[in-house]
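S.K.: Coordinates only, no sequence provided:
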């Protein structure tokens, strides 16, 4: 919502473009290998990921512009790696605010300062703040430059039919309706996914009690990019407040509503202004400010039982809805898009069997369930659901005033990339490894090389990372790149590797297999497993 | 712990509780439980004790 007198996309600082529906309908292609429904961050990331694999896609979106309001704002390190891989990172680096630190306060006193792991070995910071409309704008700019992507605005999918080896979508735009056929469909159409409804699928899970108003405020507030959490503040006794800095002097303020607060009343502009003013007084800001946008939010952990329905894959919020605490909604969705994009690319090019696609749902649903477990912990701390959780939460906060160990209970457990330990594509090992070595299925950690970072040196497809040039030569017959590093390099140390170690890295930078003593036949077997079976 | 020492703790806790408003007793006892747990530094042992304390509450 926006203040009275301002239209839905009339922002204080962002110009929403207007996109026309496709013109010259007669010459528009009516089929593509992949159709993507939804041009939000997830749909566009999937399209760019597919383009990187050489696959053409058509993206449809009902709207004539980007999503209104700022919505998702925290982009995790792993997501920056994804944006880097799909060639869209430059404007993000320019605009987003990187951060590592969070502070929690209880009744005005600081009880915790946490630092997310960071070092020069990492190419990207652990977290970046950027409004969702910039995320969409920057992805759209990359899409504009990509001839393999055709983005059609004001185009709504009104029906879906399975046909032979594909899906026919009925696309409705201002000029009428037309059928569009795709081999595969990606449903990136958001939390209220029309495709999910058309297919009769339902999200299952839990709703949490706590409701939050989220408001964006523009003000010249002098405070670094540090996430602040205020527990039981004077201005909102018993409630919790979160404060994040964003570019353009925009500050995101999330404040919890009391159980007895009426939602309609809480969302009235005067009430929002009064509540925001109280928060600003609490943090000692007495300068001018302007209200940009607000909305209401309640925590849910909801997901589809299966992220695949025939030839349709659900990616992002259409497949799962997670609580905001821990910033996993957007980031989890970007990982979905990245995951399905390389798999569809390999299958559509004929480089992998179609069974590769069977791994999408178990891998990404596994990631969602992991997010649920972590986010539920955060949600129970931010918004205790019962008397027991409330008492222990209050005890921890109260104790934390004098005992730092209790403050650690307020640590929000921010997004970390998921390890596909149980994936059908991942080879489990038996070698001896240090406890800090990344596990099979984990995202490859970054490290400093002689030039740039390890993440800069990975190839576009699979990469065999070795410390032995002979081993690298032995897999020349496989369609995988090789990267040979010195056994005494910092990268070897990060990976817990020795001279005979090897790692098979997937196109999405997850570790498909690792060996402390690799042989060429083991590598070939692991590669075959990681593409879902023998090559066609 | 000897009977005499446990009695010392028992009495000190009773006296402390009486200096705290009744309505804050749960919060105080929950803080105390976390502090003691941190001191004991043995999660399974603490879990056993917190289960033991739940016995016979309905009289």
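M.R.: Noted; the coordinates are in hand. Since the structure is predicted, the reported quantities are computational estimates derived from the model, not experimental observations.
S.K.: ok, the residue of chain B found nearest chain A - how many residues close by?
M.R.: Residue nearest to chain A within chain B (CB to the nearest CB): residue B:30, separated by 3.5 Å. In this view, the C-beta of every residue, glycine as well, is placed from N, C-alpha and C. Residue B:30 has 19 neighbouring residues, counting by other CB atoms under 10 Å in any protein chain shown.
S.K.: With adjacent residues omitted, what lies nearest to it?
M.R.: residue A:395 (3.5 Å; CB to CB, 6 or more residues apart in numbering or on different chains).
S.K.: Which other helices and strands does the host helix or strand of that neighbour contact?
M.R.: In this assignment (DSSP states H and E), residue A:395 forms part of helix A:387-400. Applying 3 or more CB pairs under 8 Å, 6 or more residues apart in numbering or on different chains; DSSP states H and E, one finds that helix A:387-400 contacts strand A:101-106, strand A:109-115, helix A:360-382, helix A:404-407, helix B:25-40.
S.K.: what is the mean pLDDT for the second one?
M.R.: For strand A:109-115, mean pLDDT rounds to 92.
S.K.: what's it in contact with?
M.R.: A:100-105, A:231, A:397, A:400-401, A:404, A:406-408, A:410-412 (CB atoms under 8 Å, 6 or more residues apart in numbering or on different chains).
S.K.: chain center to stretch A:286-296: distance?
M.R.: Centroid displacement of stretch A:286-296 relative to its chain, using CA atoms, centre = their mean, to the nearest Å, is 26 Å.
S.K.: Would you indicate which residues of it are buried?
M.R.: Of the residues in stretch A:286-296, A:289, A:291-294, A:296 count as buried by neighbour count, 16 or more other CB atoms under 10 Å in any protein chain shown.
S.K.: Same question for stretch A:54-72.
M.R.: A:55-63, A:65-72.
S.K.: model confidence over it, on average?
M.R.: If you average the pLDDT over stretch A:54-72, you get 91.
S.K.: Any idea how far apart the tips of it sit?
M.R.: End-to-end distance for stretch A:54-72: 29 Å, by CA to CA, to the nearest Å.
S.K.: close enough to count as contact, the residue nearest to residue B:30 and residue B:34?
M.R.: Yes - Residue A:395 lies in contact with residue B:34 (CB atoms under 8 Å); the separation is 5.9 Å.
S.K.: got any residues that touch both of these two?
M.R.: Common contact partners of residue A:395 and residue B:34 (CB under 8 Å, 6+ apart): residue A:406.
S.K.: What parts of chain B come near chain A?
M.R.: Within chain B, the positions adjacent to chain A are B:26-27, B:30-31, B:33-35, B:38 by CB under 8 Å from any CB of the partner chain.
S.K.: buried subset of those?
M.R.: Applying 16+ other CB under 10 Å to these, the neighbour count classes B:27, B:30-31, B:33-35 as buried.
S.K.: What is the burial count for the residue in the stretch 101-250 of chain A positioned nearest to chain B?
M.R.: Residue of the stretch 101-250 of chain A nearest chain B, by CB to the nearest CB: residue A:232 (11.9 Å). Residues within reach of residue A:232, counting by other CB under 10 Å, total 18.
S.K.: in whichever strand or helix holds residue A:43, what's buried?
M.R.: According to DSSP H and E, residue A:43 maps onto helix A:41-52. Buried residues in helix A:41-52, counting neighbours by 16+ other CB under 10 Å, are found at A:41-52.
S.K.: Adjacent strands (with direction) for the next helix or strand after it?
M.R.: Next along the chain after helix A:41-52, taking DSSP H and E as the criterion, comes strand A:57-60. Here strand A:57-60 has these sheet partners by DSSP bridges: strand A:31-37 (parallel), strand A:149-152 (parallel).
S.K.: and the ones you listed, which is most packed in?
M.R.: Highest mean neighbour count of the strands paired with strand A:57-60: strand A:31-37, a mean of 24 (counted as mean count of other CB atoms under 10 Å in any protein chain shown).
S.K.: That one versus helix A:41-52: what angle between them?
M.R.: 150 degrees (axes from the mean of the first three to the mean of the last three CA atoms, to 10 degrees).
S.K.: who touches strand A:31-37?
M.R.: With CB under 8 Å, 6+ apart, strand A:31-37 has contacts from A:43, A:46-47, A:50, A:55-60, A:150, A:157, A:166-167, A:169, A:180-189, A:194-195, A:344, A:348.
S.K.: Stretch A:77-88 too?
M.R.: Applying CB under 8 Å, 6+ apart, the contact partners of stretch A:77-88 are A:45, A:48-49, A:51-52, A:75, A:89, A:92, A:122-128, A:138-139, A:141-142, A:330-331, A:334-335, A:337-338, A:415-417, A:443, A:455, A:508-509.
S.K.: Which ones among those lie within strands?
M.R.: Among those, DSSP state E puts A:75, A:127-128 in strands.
S.K.: domain assignment for chain A?
M.R.: Following automatic domain parsing, one finds the domains of chain A at A:25-96+A:125-204+A:301-368, A:419-536.
S.K.: End to end on the last one, go ahead and measure it.
M.R.: Pointing back at domain A:419-536 there. Taking CA to CA as the measure, domain A:419-536 stretches 28 Å from start to finish.
S.K.: That domain: how far from the chain's middle?
M.R.: Centroid separation for domain A:419-536 versus its chain: 24 Å, with CA atoms, centre = their mean.
S.K.: What's the mean pLDDT across it?
M.R.: pLDDT averaged over domain A:419-536 gives 92.
S.K.: Enumerate the residues of the stretch 401-536 of chain A near chain B.
M.R.: A:403, A:405-406.
S.K.: Let's see if you can find the most crowded of those.
M.R.: Among those, the one with the most neighbours (other CB under 10 Å) is residue A:406, at 22 neighbours.
S.K.: Let me know which of the strands paired with strand A:57-60 is the nearest to residue A:465.
M.R.: Checking the strands paired with strand A:57-60 against residue A:465 by CB to CB gives strand A:31-37 as the closest, at 29.7 Å.
S.K.: So stretch A:237-253, near chain B or not?
M.R.: No - if you take CB under 8 Å from any CB as the test, stretch A:237-253 misses chain B, and the best it gets is 13.1 Å.
S.K.: what residue ranges in chain B are flagged as low confidence?
M.R.: Applying pLDDT under 70 to chain B flags residues B:59.
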